[in-house]
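Q: Just need the structure, nothing else, for what follows:
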Amino acid sequence: MTTPAPGMPLPDGTRIVKVEITLPEGANPGDKLTFCTAYANTITNFSAAVPMSKDGGPMKKISVCVPVPVNFPPSGPLTITKLTLNGMPVCFNEHRQRVEAHFNRVPPNERAEVALGFDTSPFRPRE
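A: Okay, here's the model as predicted:
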């Protein structure tokens, strides 16, 4: 199956837009990448497999072609949300830095960590 060129209108009233996705550290060829796109209050889910790089090293970015409505602005950014790798949410360095900066506003002597545990046996299916 061939992918139509980006920008080409399709029979169903959509066209293709190429999206660049920065891969998280630890992404390996064959891993499942799942993401959502948001446009005009419509959220659409997509999946892609991380491809093998040409030189055999880890990939940093991939390009994925996704359909958008024909009226999607050609220069408009397509927002990617809820990025997961093999079902696990991805947290990029920029987000991690913001979170750590937020928590570092509280002095260490005022911080408290809590570890909780509970018995999950009542929630397991019976055999």
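Q: Residue 96 should be in a helix, yeah?
A: Yes: counting by DSSP: H, G, I helix; E, B strand; the rest coil, residue 96 is found in a helix.
Q: Can you tell me the number of residues neighbouring it?
A: Residues near residue 96, counting by other Cβ atoms under 10 Å, number 10. (C-beta placed from N, C-alpha, C; glycine too.)
Q: do the same with the one 5 residues further on
A: Under the neighbour criterion other Cβ under 10 Å, residue 101 is assigned a count of 9.
Q: Name the SS class of it, please.
A: Quick answer, by three-state DSSP: residue 101 is helix.
Q: Can you check what pLDDT the model gives it?
A: Reading off the confidence values, residue 101 has pLDDT 83.
Q: before we move on, what about the one 10 residues further on?
A: On pLDDT, residue 111 comes in at 76.
Q: how close does the residue lying closest to it once chain neighbours are set aside sit to residue 36?
A: Excluding the flanking residues, the one nearest residue 111 by Cβ to Cβ, 6 or more residues apart in numbering is residue 103, at 7.6 Å. Note on residue 103: its distance to residue 36, by Cβ to Cβ, to the nearest Å, is 27 Å.
Q: One more: residue 53?
A: With distances taken as Cβ to Cβ, residue 53 is found 25 Å from residue 36.
Q: re earlier: ok, residue 103 and residue 36, which is more surrounded?
A: Each of residue 103 and residue 36 has its neighbours counted (other Cβ under 10 Å); residue 36 has more, 14 against 9.
Q: how close does residue 17 get to residue 43?
A: 16 Å.
Q: In terms of neighbours, single out the busier of those two.
A: The residue with more neighbours, out of residue 17 and residue 43, is residue 17; 19 against 11, by other Cβ under 10 Å.
Q: If you drop the residues flanking it in sequence, what lies closest to that one?
A: That would be residue 68: by Cβ to Cβ, 6+ apart, it lies 4.9 Å from residue 17.
Q: ok, the one you found - contacts?
A: Contacts for residue 68 (Cβ atoms under 8 Å, 6 or more residues apart in numbering) come out as 14, 15, 16, 17, 37, 39, 78.
Q: What about the residues you listed, which are in strands?
A: The members of these that map onto strands under DSSP state E are 14, 15, 16, 17, 37, 39.
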